[in-house]
Each structure stands twice: as C-alpha cells, then as structure tokens.
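Trainee: only geometry, no sequence info:
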C-alpha cells in the first residue's frame, strides 16, 4: 500500500508533513478530508495503530462546540460524525499510522 496523508487544505501541520515527504522524495497519496471523509475501516486501522484517544483534536472548534470535554464518548464514532474533530495530518501506510505534527514518527515511514 502507498503512503497516504489525510489532511485538510488549510492545515499547517499537514503542509509540513507533505513538505517532509516531498523533500525526501517519498511518494504519497494526499486525501483531502474536506472532499472525502475517512471510511470506518481506515479510521479503525489508525485508531489501532495510535490509540483511539489520539484521534480527537481537543483544540479544534468542533470539540468545544460539541461539548466533548464534559462527556464520555467513542472517538471513532465522533470523528465519523464530524471529520473536523480529527487530529491532522494522519499519515498511514497499511497498518502503520501516526497523527498530528510529529516528524519523529514520520521518519519511521522512510524505511
């Protein structure tokens, strides 16, 4: 499977991830989350790799708007309802994945 980067167009961390892999001449497929949401299977694969609790971006406006700070919730189900809750970028290669602005984890995809 080819390396995939799931991102929103205006996300600065996602732009850094794209630049990181371009500078290292690594091919990747960019998936624009504003046009195509992650499937349940893709999201569950990422959740298994990084932990479901890391999927949610607690600093996103959608997090506050939904009141998630004060309730128990299933991160996968909440992200499926609203992709704006997802911590981006999501870098995925098969069963391996990482989320957020994490160059140290991005390096693991180079080998």
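Mentor: That came through, no problem. In this text the structure is predicted, and so the values were computed from the model without any measurement.
Trainee: Point to the residue nearest the middle of this structure.
Mentor: residue 90 (2.5 Å; Cα atoms, centre = their mean).
Trainee: Go ahead and confirm it touches residue 5.
Mentor: Yes: with contact defined as Cβ atoms under 8 Å, residue 90 and residue 5 form a contacting pair (7.2 Å). In this view, the C-beta of every residue, glycine as well, is placed from N, C-alpha and C.
Trainee: for this structure, what helix or strand is lowest in average pLDDT?
Mentor: helix 61-66 (a mean of 73; mean pLDDT, DSSP states H and E).
Trainee: helix or strand right after that one?
Mentor: Next in sequence after helix 61-66, counting helices and strands by DSSP states H and E, comes helix 75-81.
Trainee: Report the buried residues of that following helix.
Mentor: 75, 76, 78, 79, 80 (16 or more other Cβ atoms under 10 Å).
Trainee: I'd like those residues as a markdown table, with pLDDT appended.
Mentor: Shown next, in a markdown table, are the buried residues of helix 75-81 (pLDDT from 0 to 100):
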| residue | pLDDT |
| --- | --- |
| 75 | 87 |
| 76 | 92 |
| 78 | 87 |
| 79 | 90 |
| 80 | 93 |
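Trainee: closest to residue 17 among those residues?
Mentor: Nearest to residue 17 among these is residue 79, at 18.3 Å by Cβ to Cβ.
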